[in-house]
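Asker: okay, sequence plus prediction incoming.
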Amino acid sequence: MNFFDYIAMPFGYLMQFCCMISPGQNYLIALIYFTVIIQIILCLIFGIKQQKNMIKQASIAPMAAALRKKYAGRDDAVTRQKLQQETMELYQKHGYSPLGGCFPMLIQLPIIMALYNVIVAPLQNMFMLTQAKIDVLLSTLAREHTHLLSQAALDQLAHNQSRLAQVEALKLVKDGSLDGLLSGEAGDIVEQLASRANALPSYSSFGLDFSTNPEAGLSADSIAKFWPLLIVPVLIIATMIASQKLSRKFGYQDPTITQQQGGCSMNVMMYSMPVLSAWISLRMPAAVGVYWIYRSVTATLQQFILSKVMPLPKFTEEDYKKAEKEMNGTSKRKKNSEKVPYTGEKKRSLHHIDDDDDDTVLPPKKETAPALESSVKEEEKEEKNENVDPSKAPVMKEDKGNKKYQKK
């Protein structure tokens, strides 16, 4: 048994129960019950928490818009990093987690793989027969009643693969084709399965066998019989696209992410996943594709109900203006509290992170020629004044007497 076989066991018991309460054990109706039960469980575990997380994100929309406006028009790396840092601080302050909605989407993959194993290996994963009993039953059919199995099932048994043979054997038990036909241990296994007739699934609906892969409708030999199964991949694409559009309408979309992704990339994401899912469903039993369709419908219905029970907050233009004023006021107070003494260094904007390359120390300014000449003349005058004999200096007006100025 592989990892997905172990995961498939609880889903197998759940599918048994769904078949028991379905009219005629119809597998498509049982899948409706199965999908609703799984969706309710996921909603209780993840859906409500995800809606609360979305409400937190929507409640900080005005502040997030104020942050984006604060750095509007600047597209350099430093500005983007600063905006991202302040946005994450805002998220942490209000308890919002950007990864809160990822896990519910990731959990769908193991559910789909487990359901696939339940559908293609029902004896093992739905009725919990041991591998030894499965080998006894199928080997007896292949050896003694080869005509009851298809050539594809016989080819798989030749390569030690029993999944297709398990489905066909279960159909034979359901139809009563093996009643009293087998003896020994194989006969006991058939009786054991027949005793649980109220849980044996019926894969046929609308004249089609939904245990068959839709790609059988692409074969020239079987296109006339199985081409309606190709409707399943088409419906997968339609329901998944509609579900995504409606979920965006009922939920909150972050303008930052929407602006970053752009219209083209959002369309690529919207259409690529449904197309990929449809392509995968071609190679799986059509019942798995039907589950995909049911799941898209129930997920949209869940989002609609949660949006009514736990509505997102709505804001007016005044709320956005108020948040912008508060954001600007907080920013100014923060700047004032972080003032440092002036050091003569050049201030840098968020645009110019590489300004360090331009901050070279300039050499001292050289004096011009006239300034040098004036300084030289001043020095010569000072030297002359120092060499004058005080006794030969002229008498000032303040000196009394009839002394005459001496002339040289």
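Answerer: Received, thanks. Numbers count the residues shown, from 1 in each chain.

Asker: any regions of the stretch 101-250 of the chain where pLDDT drops low?
Answerer: 101-105 (pLDDT under 70).

Asker: so where do the helices sit in it?
Answerer: Remark: helices assigned in the stretch 101-250 of the chain by DSSP state H, counting those that start in this stretch are 103-106, 108-120, 122-125, 131-144, 151-158, 163-175, 184-194, 223-226, 231-250.

Asker: most tightly packed of those helices?
Answerer: helix 122-125 (a mean of 25; mean count of other C-beta atoms under 10 Å). Every C-beta, even on glycine, is put in place using the N, C-alpha and C of the backbone.

Asker: how far does that one sit from the chain's center?
Answerer: 34 Å (C-alpha atoms, centre = their mean, to the nearest Å).

Asker: which stretch among the helices of the stretch 101-250 of the chain comes nearest Ser307?
Answerer: Proximity to Ser307 (C-beta to C-beta) singles out helix 231-250 among the helices of the stretch 101-250 of the chain, at 4.2 Å.

Asker: can you list the residue ranges for strands in the protein?
Answerer: With DSSP state E applied, the chain shows strands at 204-205, 208-209, listed in chain order.

Asker: would you turn those strands into a markdown table with distance to Leu83 and mean neighbour count?
Answerer: Below are these laid out as a markdown table (distance: least, C-beta to C-beta, whole Å; neighbours: other C-beta atoms under 10 Å):
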| stretch | distance to Leu83 | mean neighbour count |
| --- | --- | --- |
| strand 204-205 | 54 | 16 |
| strand 208-209 | 55 | 19 |
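
Asker: Serialize these to a markdown table and add fields for distance to Val288.
Answerer: What follows is the strands of the chain, written out as a markdown table (distance: least, C-beta to C-beta, whole Å):
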| stretch | distance to Val288 |
| --- | --- |
| strand 204-205 | 15 |
| strand 208-209 | 14 |
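
Asker: do you know which of those strands lies nearest Gln131?
Answerer: Gln131 lies closest to strand 208-209 among the strands of the chain, at 25.4 Å (C-beta to C-beta).

Asker: pairing partners for the closest one, with directions?
Answerer: Strand 208-209 has the following sheet partners, assigned by DSSP bridges: strand 204-205 (antiparallel).

Asker: chain neighbours aside, what residue packs nearest to Ala278?
Answerer: Nearest non-adjacent residue to Ala278, counting by C-beta to C-beta, 6 or more residues apart in numbering: Pro233, 3.8 Å away.

Asker: actually Met284, not the one I typed
Answerer: Nearest one to Met284, counting by C-beta to C-beta, 6+ apart, is Tyr116 at 5.9 Å.
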